[in-house]
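Asks: Okay, sequence plus prediction incoming.
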Amino acid sequence: VITQYHEVVGKAYLPPYWALGFHNCRYGYHTIDEVVQVYENYTKALIPIDTFWNDIDYMNKYYDFTFDPSRYPLSKVRNFVANLTAHHQHYVTITDCGIPPDDNYLAWTDGLKMDVFKKNSNGTEPFFGKVWPGRTAWPDFLHPNATEYWTKQIASFLSLANVSGLWIDMNEVSNFCSGPCSEPENSQSNTNSFPSSSLGFNPNNPPYAINNGNRRQPLDANTISADSVVYPTIEYNAHNLYGITEANSTRIALEKLLSKRAFVLSRSTFPSHGSVAAHWLGDNKSTWSDLYYSIPGILSFNMFGVPLVGADICGFQLDTTEELCSRWIEVGAFYPFSRIHNDLPSTPQELYRWPTVAAISRKVLGARYSLLPYYYSLFYNAALNGGMIWNPLFFLFPNDSSTFDLDRQFLVGANLLVSPVLEQNARSLNMYLPKTERWFDFWKGIEEKTTGWVNKSVALDEVMVHIRGGGIIAMQESGLTTWERQNSEYGLVVTPDREGKGIGRMWMDDGEGLDWKEGGGKYIELEFESSVRSAGGRVTVGVRKEGWKGGVEKMRLGKVKVLGVESAVKNVEVNGGSVSWKWDSRLRVLDVFGLDLKFVSEIVVKWV
């Protein structure tokens, strides 16, 4: 059913590979020097990270597409971004949709010339509300000129600094007034105006009252009046489309200007949003309850077809604690979109600020980065076929009633079960391992002998992660950036099911090209099969599609790890030749290493 829904609304947009790395942001980096210091501190702490972000602090008077000349001088911004680029890291900035009326501001004068702003109820003048810059108008992204207009503004911005992606915010639309603001301080709702239409009722106060937030307020409460004019109708009929239309115009602009896959993060969404952009769960709080709520929130958006989604790690509002941030990064390292972010009044919470959190971050983000081939393959599958990155357990075990109400554990794909601690001061965890499967400890490789409800001691620096039997996961050694991982050798982790079998699949490409779609797709697709018996076993690697020619030369299989090998191993061959290997009789793990094999033809690993 979920896949059918994704077929209807549009399958997921394939993110650039770097977007699956870790991201750092804060509202409150008042100068570029602060951002540089944060970068240096992460580097010294050896915490894996790909992208550094700026909230609205960087702007000049909160005008989009500008840098403050004293706090973010262009020379320093360009030096910082050039250093990031040299280390294969990235820079993302926020862009709000409100444009202030300033005759010296191109985003305003271009918008007037191209007639792209939403109009007041009589359709003659731009509709004015208020956001961060003060009095503002809003581009109408349904207008035929809107994408051209928006592309021009983004092009001007990219000429200032080599920004890798854009974060579009306040796009519900959020308005500091309710309805129009003729003056910045005016915040009165336009509840008595009527549109020049045939609706027959006041669209700001329709016959029914929407009880959003348990407040039966007019529809223009803190947003644009429902009787304002947009192309080719009024706001009442188009309001919920604003976020998705802005996201799509932003995607088109970035693809055109960068000639690469776009990265767009949007607060507002609508069905089909996942086919153009990513999403985060909004302004959460540094509380244990919001840590827990992030799990059903991310699962829900995966069902909605928005797989690149996450919550602000360690919480956005309020002050986090060392323990809460420790537990949060243990979950957040496995979010599809993994970003830490916090609010201006809150105590800074970058992951290096506590030795304990830094050490935990190196461990769990190291695991994430080693799993990037698995994550990327899940996104490829979602983009080509539809489907989810995170799954609730009952999706994969519909006949097991014990999974029906589990929302404190989740599966990454079908093979990786994450069971985090979500309660303060807890040092033990009651988790559920479905009885029909074999489960292997991700960190140690040992098979769990007990299934069903299991109670485990869990220290502050531990998170329970298990690999489901029957899968083959492609991995790499951990590194500090996604670029390092993308250019290192691959390994396979094989976990046999109760019949000794396993299957898996991996997709890979250059990580940024636009020509990835089915048909002319420039990607490599590999398939894996395994059979583990008491008398021996085999693992087979086959090439299903070889569309990325350069990848065949770059990609190499370096090792294979087989868990659950119960019988002593006497000999191992790869494609009929001898190879280095080791069997651990205690862990029941077979390691085959030193392979250095290209994925140009079938690879067969056999042992007896």
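Replies: Perfect, I can see it now.

Asks: what's the spacing between residue 425 and residue 139?
Replies: 49 Å (C-beta to C-beta, to the nearest Å). (Glycine included, C-beta is placed from N, CA and C.)

Asks: When these two are compared, which one has more neighbours?
Replies: residue 139 (27 against 8; other C-beta atoms under 10 Å).

Asks: Kindly state the beta-bridge partners for that one.
Replies: residue 117 (DSSP bridges).

Asks: pLDDT score for it?
Replies: Note on residue 139: pLDDT of 98.

Asks: List the contacts of it.
Replies: Residue 139 makes contacts with 97, 99, 111, 116-118, 146, 149-150, 246, as judged by C-beta atoms under 8 Å, 6 or more residues apart in numbering.

Asks: so which of those residues comes closest to residue 9?
Replies: residue 246 (17.6 Å; C-beta to C-beta).

Asks: Pop out the phi and psi values for the closest one.
Replies: Here is the backbone geometry of residue 246 (degrees, to the nearest 10): phi -70, psi -40.

Asks: Just the residues contacting the helix or strand in which residue 52 is found, thanks.
Replies: Assessed by DSSP states H and E, residue 52 sits inside strand 51-54. The contact list for strand 51-54 (C-beta under 8 Å, 6+ apart) reads 18-19, 21-25, 29, 35, 38-39, 84, 89-94, 164-165, 167, 339, 341.

Asks: at 10 Å instead, please
Replies: 18-19, 21-27, 29, 32, 35-36, 38-39, 42, 67, 72, 77, 80-81, 84, 89-94, 163-165, 167, 263, 265, 338-341, 481-482 (C-beta atoms under 10 Å, 6 or more residues apart in numbering).

Asks: any chance you could map the helices in this protein?
Replies: In the chain, the segments counted as helices under DSSP state H are 2-9, 32-45, 74-86, 106-114, 146-158, 235-238, 242-258, 288-303, 322-332, 355-370, 372-385, 393-396, 482-486, 549-554.

Asks: burial of residue 91, as a residue count?
Replies: Neighbour tally, residue 91, other C-beta under 10 Å: 20.

Asks: So what's the residue count around the closest residue to it other than its chain neighbours?
Replies: Of all residues not flanking residue 91 in the chain, residue 81 sits nearest, at 5.0 Å (C-beta to C-beta, 6 or more residues apart in numbering). Residue crowding around residue 81 was assessed by other C-beta under 10 Å; the count is 20.

Asks: show me what contacts residue 81?
Replies: Neighbours of residue 81 in contact, by C-beta under 10 Å, 6+ apart: 32, 52, 89-91, 160-164.

Asks: out of those, which are buried?
Replies: In terms of neighbour count (16 or more other C-beta atoms under 10 Å), the buried residues within the contacts of residue 81 are 32, 52, 89-91, 161, 163-164.

Asks: now, which of the residues you listed sits nearest residue 459?
Replies: Closest to residue 459, out of all of the buried ones among the contacts of residue 81 and judged by C-beta to C-beta, is residue 52, at 30.8 Å.

Asks: circling back: from the chain's centre, how far out does the strand holding residue 52 sit?
Replies: 14 Å (C-alpha atoms, centre = their mean, to the nearest Å).

Asks: do stretch 412-423 as well
Replies: So, by C-alpha atoms, centre = their mean, the centroid of stretch 412-423 is 17 Å from its chain's centroid.

Asks: and what of stretch 566-585?
Replies: 39 Å.

Asks: so of the contacts of strand 51-54, which ones are in strands?
Replies: The strands, defined by DSSP state E, take in 22-24, 90-94, 165, 167, 265, 338-340 from those.

Asks: ok, so of those, who is nearest residue 309?
Replies: residue 265 (9.6 Å).

Asks: Can you get me a residue count around the closest one?
Replies: 26.

Asks: before we move on, what about residue 356?
Replies: Residue 356, neighbours per other C-beta under 10 Å, totals 13.

Asks: now do residue 608
Replies: Residue 608: 14 neighbours (other C-beta under 10 Å).

Asks: Excluding sequence neighbours, find me the nearest residue to it.
Replies: residue 536 (3.9 Å).

Asks: quick one: the one you found and residue 583 touch, right?
Replies: No - look at residue 536 against residue 583 with C-beta atoms under 10 Å: they stay out of range, at 11.6 Å.

Asks: who touches both of the two?
Replies: By C-beta under 10 Å, 6+ apart, the residues touching both residue 536 and residue 583 are 565, 567, 569-570, 572, 607.

Asks: Pretty sure residue 517 sits against residue 383.
Replies: Yes - assessed by C-beta under 10 Å, residue 517 is found in contact with residue 383 at 7.8 Å.

Asks: for the most centrally placed residue in the chain, what are its contacts?
Replies: The structure's the chain has its C-alpha centroid closest to residue 337; by C-alpha atoms, centre = their mean the separation is 2.2 Å. Applying C-beta under 10 Å, 6+ apart, one finds that residue 337 lies in contact with 15, 19-20, 23, 265, 278-281, 298, 301, 306-311, 389.

Asks: Tell me how far the closest residue in space to residue 580 that isn't next to it in sequence lies from residue 537.
Replies: Leaving out its chain neighbours, the residue that sits closest to residue 580 by C-beta to C-beta, 6+ apart is residue 594, at 4.4 Å. Separation of residue 594 from residue 537 (C-beta to C-beta): 19 Å.

Asks: check contacts around residue 542.
Replies: So residue 542 contacts 525-529, 599, 601-604 (C-beta under 10 Å, 6+ apart).

Asks: Output the residues you listed in a markdown table; the columns should cover distance to residue 373 and neighbour count.
Replies: As requested, the contacts of residue 542 are exported to a markdown table (distance: C-beta to C-beta, whole Å; neighbours: other C-beta atoms under 10 Å):
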| residue | distance to residue 373 | neighbour count |
| --- | --- | --- |
| 525 | 12 | 21 |
| 526 | 10 | 25 |
| 527 | 14 | 15 |
| 528 | 12 | 21 |
| 529 | 17 | 15 |
| 599 | 12 | 22 |
| 601 | 20 | 11 |
| 602 | 19 | 10 |
| 603 | 16 | 21 |
| 604 | 20 | 13 |
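
Asks: Can you tell me how far residue 282 is from residue 224?
Replies: 19 Å.

Asks: which one of those two has more residues nearby?
Replies: residue 224 (26 against 12).

Asks: what's near enough to touch the more buried one?
Replies: Going by C-beta under 10 Å, 6+ apart, residue 224 touches 118, 127-129, 138, 172-175, 177-180, 190, 230, 235, 239, 242.

Asks: And for residue 63?
Replies: So residue 63 contacts 96, 98-100, 102, 105, 107-108, 132-133, 136 (C-beta under 10 Å, 6+ apart).

Asks: Also residue 418?
Replies: So residue 418 contacts 295, 330-331, 333-334, 390, 408-412, 431, 442, 463-466 (C-beta under 10 Å, 6+ apart).

Asks: List the buried residues in the helix or strand of the chain at the bottom of the mean pLDDT ranking.
Replies: Ranking every helix and strand in the chain by mean pLDDT, DSSP states H and E puts helix 549-554 at the bottom, with a mean of 78. By neighbour count on 16+ other C-beta under 10 Å, the buried set for helix 549-554 is residue 551.

Asks: Alpha carbons only: can I get it in CSV?
Replies: Provided in CSV are the C-alpha atoms of helix 549-554 (Å, rounded to 0.1, in the frame of the first residue of the first chain):
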residue,chain,number,x,y,z
LYS,A,549,31.3,3.0,-16.2
GLY,A,550,33.8,4.9,-14.0
GLY,A,551,32.5,3.1,-10.9
VAL,A,552,33.6,-0.3,-12.1
GLU,A,553,37.2,0.9,-12.0
LYS,A,554,36.9,2.8,-8.7
